[in-house]
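[1] below is the structure, and that's it, no one-letter string:
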């Protein structure tokens, strides 16, 4: 959905824009990601080890974003 679609549902555009921008970072962290593979090749690091390291961090960041979005929606009466 576009930011304006969420605004029509009652969510403030700055909140939706910031949430989407911060969620976009997960693409490079959560495996399998091309940047992670390129980093492994460039630094002679194990791709498997990077994937294992990225899963925990990706789940932590994703979970934090979900909890924050839920708390924000509850506090402001959205959804």
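    Okay, I see it. What you see is a predicted model, and the numbers here were worked out from it, not measured in a lab. Numbering: from 1, shown residues only.

[2] list the helices and strands the helix or strand that contains residue 70 packs on?
    Here residue 70, judged by DSSP states H and E, is contained in helix 47-76. Judged by 3 or more CB pairs under 8 Å, 6 or more residues apart in numbering; DSSP states H and E, the packing partners of helix 47-76 are helix 13-24, helix 26-29, helix 34-43. Heads up, the C-betas are built off the backbone N, CA and C, glycines and all.

[3] tabulate these (CSV), appending mean neighbour count, mean pLDDT and distance to residue 49.
    Listed next are the helices and strands packed on helix 47-76 as CSV, based on neighbours: other CB atoms under 10 Å; pLDDT from 0 to 100; distance: least, CB to CB, whole Å:
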stretch, mean neighbour count, mean pLDDT, distance to residue 49
helix 13-24, 13, 81, 24
helix 26-29, 15, 80, 14
helix 34-43, 12, 91, 8
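
[4] among these, which is nearest residue 65?
    In this view, those are compared for proximity to residue 65 by CB to CB, and helix 13-24 is the closest at 5.7 Å.

[5] and that closest one with helix 47-76, angle?
    160 degrees (axes from the mean of the first three to the mean of the last three CA atoms, to 10 degrees).

[6] ok so, going back, for the helices and strands packed on helix 47-76, which one sits closest to residue 75?
    Between residue 75 and those, the tightest spacing by CB to CB is seen for helix 13-24, at 11.2 Å.

[7] so what secondary structure elements neighbour that closest one?
    Using 3+ CB pairs under 8 Å, 6+ apart: helix 13-24 touches helix 3-8, helix 47-76.

[8] out of the ones you listed, flag the one nearest residue 19.
    Of all the helices and strands packed on helix 13-24, helix 47-76 comes closest under CB to CB, at 6.0 Å.
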